Every structure is written in C-alpha cells, then in structure tokens.
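S.K.: I would like the atomic coordinates for the input below:
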Amino acid sequence: MAIAVSTNVWYFGAAGLVSLAAFIGLILVPALGSYGRWHERFAAGFLSLLIFGGLVTIGVVAGLAWVLIQNDISPINPFTGG
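M.R.: Residues are numbered from 1 along each chain as shown. Sure thing, here's the model as predicted:
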C-alpha cells in the first residue's frame, strides 16, 4: 500500500530535520561541552531544550496566526464566523 505524500510535506520535514540538526550542532553540543560536572551539563541541556521548546512554540503560534488570517480559508476560519 503506497501512501501519497505531497511535496510540501517533504519540504517541511526536511526543513524540520535541518533545523533540529542545526540546534543540536550549534547550540546543544557546545552547551553540554562547556561544563565538566554532570549536574552542570544536565542544567545546560535542560535550559537549551527549554529555549528550543519556546522557539518551536513561537513558530507554531506564528504559523497558526498566519493561516488563520488568510482570506482563502475564511470558510474554515473559526474567528470569521464563516
């Protein structure tokens, strides 16, 4: 059974993987490598993941806001009464 996946899904998936790899390589690994004790590494990793979660939340909220204000989806937009 073949599952049809649109090109946009592949693009968004690839962008998500690139973003995750960039976060791990540019933020998480240096943060963990900056400290020697395990509790310092744990705290740095936790705070890095907390920041990552905040950035993801901001991106999701901005994306939903963008989708909800578009005119072509006004029949399914719950805030327009359509």
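S.K.: any idea which helix is longest in the chain?
M.R.: helix 38-69 (DSSP state H).
S.K.: which parts of that one are buried?
M.R.: Using 16 or more other CB atoms under 10 Å as the test for burial, helix 38-69 gives Ala44, Ser48, Phe52. Heads up, the C-betas are built off the backbone N, CA and C, glycines and all.
S.K.: Over to stretch 12-26?
M.R.: Buried residues in stretch 12-26 (16+ other CB under 10 Å): Phe23.
S.K.: tell me the average confidence for that stretch?
M.R.: When pLDDT is averaged over stretch 12-26, the result is 93.
S.K.: can you check stretch 55-66 too?
M.R.: In this model, stretch 55-66 carries a mean pLDDT of 89.
S.K.: Identify all contacting residues around it.
M.R.: Here stretch 55-66 makes contact (CB atoms under 8 Å, 6 or more residues apart in numbering) with no residue beyond itself.
S.K.: Number the residues from 290 up from this point.
M.R.: In the new numbering, first residue 290, that becomes stretch 344-355.
S.K.: Extract the C-alpha set from that stretch and format it as PDB.
M.R.: Taking Å, rounded to 0.1, in the frame of the first residue of the first chain, the C-alpha atoms of stretch 344-355 are listed here in PDB:
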ATOM      1  CA  LEU A 344      11.200  28.700  19.800                       C
ATOM      2  CA  VAL A 345       9.100  25.900  18.500                       C
ATOM      3  CA  THR A 346       6.100  27.300  20.300                       C
ATOM      4  CA  ILE A 347       6.600  30.700  18.800                       C
ATOM      5  CA  GLY A 348       6.900  29.200  15.400                       C
ATOM      6  CA  VAL A 349       3.700  27.200  15.700                       C
ATOM      7  CA  VAL A 350       1.800  30.200  17.100                       C
ATOM      8  CA  ALA A 351       3.100  32.400  14.300                       C
ATOM      9  CA  GLY A 352       2.200  29.800  11.700                       C
ATOM     10  CA  LEU A 353      -1.300  29.300  13.000                       C
ATOM     11  CA  ALA A 354      -1.800  33.100  13.100                       C
ATOM     12  CA  TRP A 355      -0.600  33.300   9.500                       C
END
